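A.B. asks: sharing a sequence plus its predicted fold:
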Amino acid sequence: QLPLVESGGGLVQPGGSLRLSCAASGFTLDYYAVGWFRQAPGKERERLSCLTSNGEIINYANSVKGRFTISRDNAKNTVYLQMDSLKDDDTATYYCAAQRGRDKKCQGPRPMYDYWGQGTQVTVSS
């Protein structure tokens with residue numbers, strides 16, 4: 001079983017909503033900062049938002065501020081990304097990643113993370 005699995009992607013019309021899930025298995029997310037990222041074809045990976053192990057929310061991407069919300073359900077060992085008012089430009093593959101440590105804030109290149117999910121596709125189109 002993969003340590004991090006994203007789900008909840010799909011096809012949605014502009015203005016619609018989706019909630020992505022990032023479920024962990026084999027370890028508890030309590031000790032990890034968990035971030036959401038996305039990558040569209042031909043573009044660099046974009047860091048969206050981070051939820052630290054202390055519960056701090058850091059919104060990195062201005063493009064999604066006020067529209068995307070990160071949250072955690074410790075009982076389900078899952079982190080969510082609620083996406084509202086979706087736009088065509090939000091079309092991408094969305095990934096979650098976990099970084100162990102109380103001081104971590106979802107910073108650094110890919111190898112600095114302990115776990116990455118396989119990604120879930122989000123397509124915004126009419």
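C.D. replies: Nice, I can see it. None of the values given here were measured: they were computed from a predicted structure.

A.B. asks: switch to C-alpha atoms for all contacts and neighbour counts from now on
C.D. replies: Will do.

A.B. asks: can you map out the strands along this protein?
C.D. replies: Ranges of strands within the chain are 4-7, 10-12, 18-24, 32-39, 46-51, 57-59, 68-73, 78-83, 92-100, 115-116, 120-124, based on DSSP state E.

A.B. asks: quick one: the longest one to strand 120-124, angle?
C.D. replies: When you say that, I think you mean strand 92-100. Here strand 92-100 points in a direction 140 degrees away from that of strand 120-124 (axes from the mean of the first three to the mean of the last three CA atoms, to 10 degrees).

A.B. asks: which strands border the lowest-mean-pLDDT helix or strand in the chain, and is each parallel or antiparallel?
C.D. replies: Counting by mean pLDDT, DSSP states H and E, the chain has its least confident helix or strand at strand 57-59, which shows a mean of 95. Applying DSSP bridges, strand 57-59 is found paired with strand 46-51 (antiparallel).

A.B. asks: contact partners of the strand it pairs with?
C.D. replies: 33-39, 56-61, 64, 70-72, 105-106 (CA atoms under 8 Å, 6 or more residues apart in numbering).
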